[in-house]
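Colleague: Sequence first, predicted model second:
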Amino acid sequence: MCGISAYASGNRASYSRAIGRTLSLLIELQHRGQESVGIGVASVSGDIKVVKKGSLVLSLYEEVLGNSNIKEREVFGCIAHTRYSTSGRYGWELAHPELVSGGRLKLAIAFNGNIANYRDLFALARSLAPEYTPSYVENDTQALAYAVYALAKDEGWDVVEALKRLPEYVIGAYSLVALTSEPRLLVARDPRGIRPLAYSYVDKEVYVASETAALQVLDLDWREVRAGEILSFDGSALEVTDSVVAPDPSPCVFEYVYFSRPDSYFNGVSVYLSRLKMGWYLAREAPAEADVVVPVPDSGRIAAIGYSMASGIPLAEGIIVNKYVGRVFISAPDQRDVLSRIKYGVVRPVVEGKRVVVVDDSIVRGTTMRFLLDKLRRGGATKLYVRIASPPFTCPCYMGIDVASRRELLLWSKTSVEEVGRSLGTDSLAYISLRNLELSVGLPKVCHGCFSCSYPFSELRAFDLEKKISR
Ligand code: AMP
């Protein structure tokens, strides 16, 4: 999971406008990644400069605004990225955009997703354009950038043609933005449309963001990039084409469960409403005799509202989160326990002497829930019924969630939901069924590989990939 944004203008934008617009969009996507941030700036004359930082978006903004090394008088466009690593190490050096040059073009790419077979893409780049491809790559972003570059070379330096062919070689997910030295802005979403991407085109200005919420906040009318669609903007016209692989939309269901902002739409479906329905279905299939519904903030809040509405049990905020502790999930394994312990506080008057339904969006490793239940018990709760608005997370994800090994998953080592419930310290534990999760979203098809081990690629077998990745 990462956030990407872009801005390009046919009106020769000022530096501050181009940077300001691009990073305003990216700030709205900060929840999609906090490890590092990067921006690529293309001048009207086609020069491309990249700045990366191991920080949040706002501090990059302050730095690039005053950076005379990359300051351009007339900017064609920018692409930007905030990283949540799913491939390669954490370091800020692996922040996007990835810049490739050497041939007739310069190309900068940033993407959201994950390419499971990136070594195959790297081999493709080596075979098509050995003169522009290094001897090794560290992660999928680099492999993707070199593969697109090599395909473009193969197509007479036509990047649109390269992007049309790209999905023939990819097992995984990508929503990408790219800048070339022509200059040109390119936008593409893989034919399965696994990760979100949306844009706005007004008065010869193109705005792109991973989620519609970012465009909404800027008061822009938006449209989602269709699965398999490629947009190309050279400053005078926006051209729309399709990739050679037919679209077969199967968007990531976890975007609805957790990743996306509730004020976003993904494939035309309101993320907020889908979460509300998850809670509603959960109450129907896993009722509990309780006095209060308590959400795990922030991720369980909307499903908890749905649960409360459907069950008639009042909702109250019994858990308070310290936002300054940051993301426990992506912290180093030896820090997770400590951080989980200090991240949450319990509101005693809400839970004392009460039978409590605790609602969260998901349990992955179980770290969060184990500490929370212990605190709620010590806060005086008499019963703890845990309800989870997604099915048991049993399988690794190769499409952009950083859980690439089953050993990390709580259910991997347990034989049943009851056993998991006991090990966490619940009085009962229940998950929404996959069927009801799908109904909450309401699309004909979604990728639910993390819950079913069934991925939208016939060639994707979990065990083979685990072996490949851990090599
Ligand atoms: P865990 O503590 O490992 O069971 O993680 C579950 C908690 O982390 C839930 O409260 C989720 O909201 C959140 N979460 C689930 N998946 C992810 C993810 N891929 N990245 C970051 N947070 C996540």
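Modeller: Cool, got the structure.

Colleague: Now do the same contact list for Y256.
Modeller: With contact taken as CB atoms under 8 Å, 6 or more residues apart in numbering, Y256 is in contact with 266, 269, 271, 274-275, 278, 440-441. (C-beta placed from N, C-alpha, C; glycine too.)

Colleague: Of those, which belong to strands?
Modeller: Members of the contacts of Y256 lying in strands (criterion: DSSP state E): 266, 269.

Colleague: among the contacts of Y256, which two are most distant?
Modeller: The largest separation in those, counting by CB to CB, is between F266 and M278 at 14.1 Å.

Colleague: Just the closest of the contacts of Y256 to the ligand, please.
Modeller: R275 (11.5 Å; CB to the nearest ligand atom).

Colleague: How about the closest one, nearest residue that isn't a chain neighbour?
Modeller: Using CB to CB, 6 or more residues apart in numbering and skipping residues adjacent in sequence, the residue nearest R275 is I302, 3.8 Å away.

Colleague: In this structure the one you found contacts S270, no?
Modeller: No. If you go by CB atoms under 8 Å, I302 and S270 don't touch, sitting 10.6 Å apart.

Colleague: higher neighbour count, the two?
Modeller: For I302 versus S270, neighbours defined as other CB atoms under 10 Å are more numerous around I302 (23 against 16).

Colleague: and after the strand or helix carrying that one, which helix or strand comes next?
Modeller: In this structure, I302 sits in helix 301-311 according to DSSP states H and E. Taking DSSP H and E as the definition, the helix or strand that follows helix 301-311 towards the C-terminus is strand 319-321.

Colleague: what residues does that following strand touch?
Modeller: Taking contacts as CB under 8 Å, 6+ apart, the residues outside strand 319-321 that touch it are 294-298, 343-347, 358, 372, 376.

Colleague: Could I get the buried residue list for that strand?
Modeller: For strand 319-321, the buried set under the neighbour-count rule, 16 or more other CB atoms under 10 Å, comprises I319.

Colleague: Quick one: the strands in the stretch 351-471 of the chain, in order.
Modeller: Taking DSSP state E, counting those that start in this stretch as the criterion, the stretch 351-471 of the chain contains strands spanning 355-360, 383-388, 428-431.

Colleague: Check the stretch 1-150 of the chain too.
Modeller: Counting by DSSP E, counting those that start in this stretch, the stretch 1-150 of the chain forms strands over residues 3-13, 36-43, 48-53, 75-83, 98-100, 107-115, given from the N-terminal end onward.

Colleague: Parallel or antiparallel, list what pairs with the shortest one.
Modeller: Using DSSP bridges, the strands paired with strand 98-100 in its sheet are strand 107-115 (antiparallel).

Colleague: that older thread, identify whichever of the strands of the stretch 1-150 of the chain lies nearest to the ligand.
Modeller: The stretch from the strands of the stretch 1-150 of the chain with the least distance to the ligand (CB to the nearest ligand atom) is strand 107-115; that distance is 11.5 Å.

Colleague: hey, what's V100 bridged with?
Modeller: V100 has these beta-bridge partners by DSSP bridges: L107.

Colleague: my bad, should have said Y201
Modeller: Judged by DSSP bridges, the bridge partners of Y201 are V206.

Colleague: TSV for the contacts of Y256, including neighbour count?
Modeller: Converted to TSV, the contacts of Y256 look like this (neighbours: other CB atoms under 10 Å):
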residue	neighbour count
F266	27
V269	19
V271	25
S274	27
R275	27
M278	27
S440	26
V441	22
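
Colleague: For the ligand, tell me which of the contacts of Y256 show up nearby.
Modeller: When contact is defined as CB under 6 Å from any ligand atom, these do not meet the ligand at all.

Colleague: So which of the contacts of Y256 are in helices?
Modeller: Among the contacts of Y256, the residues falling in helices (DSSP state H) are 271, 274-275, 278, 440-441.

Colleague: Up against the ligand, what does the protein have?
Modeller: In this structure, the chain approaches the ligand at residues 258, 296, 299, 329-330, 360-369, 401-402, judged by CB under 6 Å from any ligand atom.

Colleague: one more time with 5 Å, if that's ok
Modeller: Neighbours of the ligand within the chain, by CB under 5 Å from any ligand atom: 299, 329, 360-368, 401.

Colleague: Let's see which of these end up in helices.
Modeller: Where the residues of the chain next to the ligand overlap with helices, as defined by DSSP H, the overlap consists of 367-368.

Colleague: Out of the residues of the chain next to the ligand, which end up buried?
Modeller: Buried among the residues of the chain next to the ligand (16+ other CB under 10 Å): 299, 329, 360-368, 401.

Colleague: nearest to R32, of those residues?
Modeller: Sorting those by how near they are to R32, with CB to CB, puts I401 at the top with 11.6 Å.

Colleague: which ones are touching the nearest residue to L185 once chain neighbours are set aside?
Modeller: If you skip the residues right next to it in sequence, L185 has A8 as its closest partner in space, 3.9 Å away by CB to CB, 6+ apart. Residues in contact with A8, defined by CB under 8 Å, 6+ apart, are 42, 76-78, 179, 183, 185, 205-206, 233, 235.

Colleague: Can you lay out the residues you listed as a markdown table showing distance to V64?
Modeller: Listed next are the contacts of A8 as a markdown table, based on distance: CB to CB, whole Å:
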| residue | distance to V64 |
| --- | --- |
| A42 | 14 |
| F76 | 16 |
| G77 | 14 |
| C78 | 9 |
| L179 | 15 |
| P183 | 18 |
| L185 | 18 |
| E205 | 19 |
| V206 | 20 |
| F233 | 22 |
| G235 | 22 |
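
Colleague: Need the nearest residue in space to the residue of the stretch 1-150 of the chain found nearest the ligand, chain neighbours excluded.
Modeller: Among residues of the stretch 1-150 of the chain, the one nearest the ligand by CB to the nearest ligand atom turns out to be M1. It sits 6.5 Å away. If you skip the residues right next to it in sequence, M1 has Y84 as its closest partner in space, 4.7 Å away by CB to CB, 6+ apart.

Colleague: Hmm, the one you found is touching G33, no?
Modeller: Yes. Y84 lies in contact with G33 (CB under 8 Å); the separation is 3.4 Å.

Colleague: The nearest residue to Y207 once chain neighbours are set aside: neighbouring residues, count only.
Modeller: Among residues not flanking Y207 along the chain, S200 sits closest, at 4.4 Å (CB to CB, 6+ apart). Residue neighbour count, defined by other CB under 10 Å, stands at 21 for S200.

Colleague: swap in G156?
Modeller: The burial count assigned to G156 is 8, neighbours taken as other CB under 10 Å.

Colleague: Format the strands of the stretch 1-150 of the chain as JSON lines; extra columns: mean pLDDT.
Modeller: As requested, the strands of the stretch 1-150 of the chain are arranged in JSON lines below (pLDDT from 0 to 100):
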{"stretch": "strand 3-13", "mean pLDDT": "95"}
{"stretch": "strand 36-43", "mean pLDDT": "94"}
{"stretch": "strand 48-53", "mean pLDDT": "93"}
{"stretch": "strand 75-83", "mean pLDDT": "95"}
{"stretch": "strand 98-100", "mean pLDDT": "96"}
{"stretch": "strand 107-115", "mean pLDDT": "95"}
